[in-house]
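1. turn this into a model:
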Amino acid sequence: MFTFSLTFIRHGETQYNRDKLLQGQGVDTVLSETGLQQAEAVGQYLRDLRFNNVFVSNLQRARQTAEGILRNNAHCSDTEMVLDPLLRERGFGIAEGHPKADLKNMANAAGQSCRDYTPPGGETLDQVRLRFKKFLKVLFQRLVDEHGWPGHSDTMPGVAAGAAVDHPNPCADAVPPAGLPDDGLGGARVHALVVSHGAYIRVAFRHLVEDLHCSLPPGLKMQQVFSPCPNTGISRFVVTLSRGGDDGAGPLLLSSVRCVFANRKDHLAKLKDLQ
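-> Residues are numbered from 1 along each chain as shown. Model prediction:
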């Protein structure tokens, strides 16, 4: 088994976010002053966590957010930031650059809900979900290739060689998270960070829960997982992979996925006090 944590963070605020305008892929804006402060705040919140791998949408607002996180991190100054177009925001076609209210009006005119409506030239939800599935496939293989399949001699980070190691079942129901930055990281040998976008993250979470049967912690309702992620909101999942084939050397298979917490924004409290 290969167990790793996957921490998702939405990018910080842009002026388009503040003005309730759609950005999508075609409008490549930078962070606002508030967004830059949010990136610093989430970086400070996560400063003591060691991320082995960092994957980021190649749009500016996501890249700037990831730079703020890594700049404040005590362990990740040399970690490579992989810019991946598979993590780009959902494309909204002709609606990009226009008020979100326009998209709602277009959906109403088409007799569809705003969430399900695809404006001309935009991506369908299924197309975004397919992009995320492709990203997961690449992610799984890259983590195993870089960090190796665990053997009997492997130890967990921070555990001395030769010490007895208890490998907990990452899918087992756990107590509710304590609200700490390292919630859920105890059973994972590799930690990956993903910085992406609001609409993309919602589609990704639906795939994890609806298609991959992700388990939720006690007290966390499904609508909370699917609710809009705030700027620099943090969510964490623990994923376990296995290998197919009788000899255990076959293709990588998803064994389990567990949500630890979703859309956390504790780190933004101080910013609200300053505004």
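2. pLDDT weak spots in the stretch 151-275 of the chain?
-> The stretch 151-275 of the chain contains residues with pLDDT under 70 at 152-176, 246-248, 272-275.
3. can you map out the helices along it?
-> 198-206, 222-226, 269-274 (DSSP state H, counting those that start in this stretch).
4. in the second one, what's buried?
-> Read it as helix 222-226. Neighbour-count burial for helix 222-226, counted by 16 or more other CB atoms under 10 Å, picks out Val225, Phe226. Yep, even glycine has a C-beta here, placed from its N, CA and C like the rest.
5. CA atoms of it as PDB?
-> Provided in PDB are the C-alpha atoms of helix 222-226 (Å, rounded to 0.1, in the frame of the first residue of the first chain):
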ATOM      1  CA  MET A 222     -21.700  16.400   2.000                       C
ATOM      2  CA  GLN A 223     -23.100  19.800   1.200                       C
ATOM      3  CA  GLN A 224     -20.200  21.300   3.200                       C
ATOM      4  CA  VAL A 225     -17.700  19.500   0.900                       C
ATOM      5  CA  PHE A 226     -19.500  20.700  -2.200                       C
END
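6. circling back: mind checking the helices of the stretch 151-275 of the chain for the one nearest to Leu254?
-> Proximity to Leu254 (CB to CB) singles out helix 198-206 among the helices of the stretch 151-275 of the chain, at 14.1 Å.
7. for the closest one, packing partners?
-> strand 2-10, helix 125-147, helix 222-226 (3 or more CB pairs under 8 Å, 6 or more residues apart in numbering; DSSP states H and E).
8. between it and strand 2-10, how many degrees?
-> Angular relation of helix 198-206 and strand 2-10 on a 0 to 180 degree scale: 150 degrees, by axes from the mean of the first three to the mean of the last three CA atoms, to 10 degrees.
9. helix 198-206: how far from the chain's middle?
-> On the basis of CA atoms, centre = their mean, to the nearest Å, helix 198-206 sits 9 Å off its chain's mean C-alpha point.
10. could you export that helix as PDB, CA atoms only?
-> C-alpha atoms of helix 198-206 as PDB (Å, rounded to 0.1, in the frame of the first residue of the first chain):
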ATOM      1  CA  GLY A 198     -13.000  27.300  -7.100                       C
ATOM      2  CA  ALA A 199     -15.200  25.800  -9.800                       C
ATOM      3  CA  TYR A 200     -12.500  23.200 -10.600                       C
ATOM      4  CA  ILE A 201     -12.200  22.200  -7.000                       C
ATOM      5  CA  ARG A 202     -15.900  21.600  -6.600                       C
ATOM      6  CA  VAL A 203     -15.900  19.300  -9.600                       C
ATOM      7  CA  ALA A 204     -12.900  17.500  -8.300                       C
ATOM      8  CA  PHE A 205     -14.500  17.000  -4.900                       C
ATOM      9  CA  ARG A 206     -17.700  15.600  -6.500                       C
END
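11. can you list the residues that contact it?
-> 8, 10, 57, 87-90, 125, 128-129, 131-132, 196, 225-226, 228-229, 235, 262 (CB atoms under 8 Å, 6 or more residues apart in numbering).
12. show me where the stretch 101-250 of the chain has its strands.
-> Taking DSSP state E, counting those that start in this stretch as the test, the strands found in the stretch 101-250 of the chain are 190-196, 234-243.
13. so which elements touch the shortest one?
-> For strand 190-196, the elements it packs on are strand 2-10, strand 53-56, helix 60-72, helix 125-147, judged by 3+ CB pairs under 8 Å, 6+ apart.
14. repeat that for the longest one.
-> Strand 234-243 is packed against strand 2-10, strand 252-264, with contacts defined by 3+ CB pairs under 8 Å, 6+ apart.
15. need those in TSV (columns: distance to Pro120).
-> Formatted as TSV, the helices and strands packed on strand 234-243 follow (distance: least, CB to CB, whole Å):
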stretch	distance to Pro120
strand 2-10	26
strand 252-264	31
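16. quick one: which of those is nearest Ala101?
-> It is, among the helices and strands packed on strand 234-243 and with distance given as CB to CB, strand 2-10, at 21.3 Å.
17. buried stuff in the helix or strand following that closest one?
-> Sequence-wise, the next helix or strand downstream of strand 2-10 (DSSP states H and E) is helix 15-18. Under the neighbour-count criterion of 16+ other CB under 10 Å, helix 15-18 has Tyr16, Asn17 buried.
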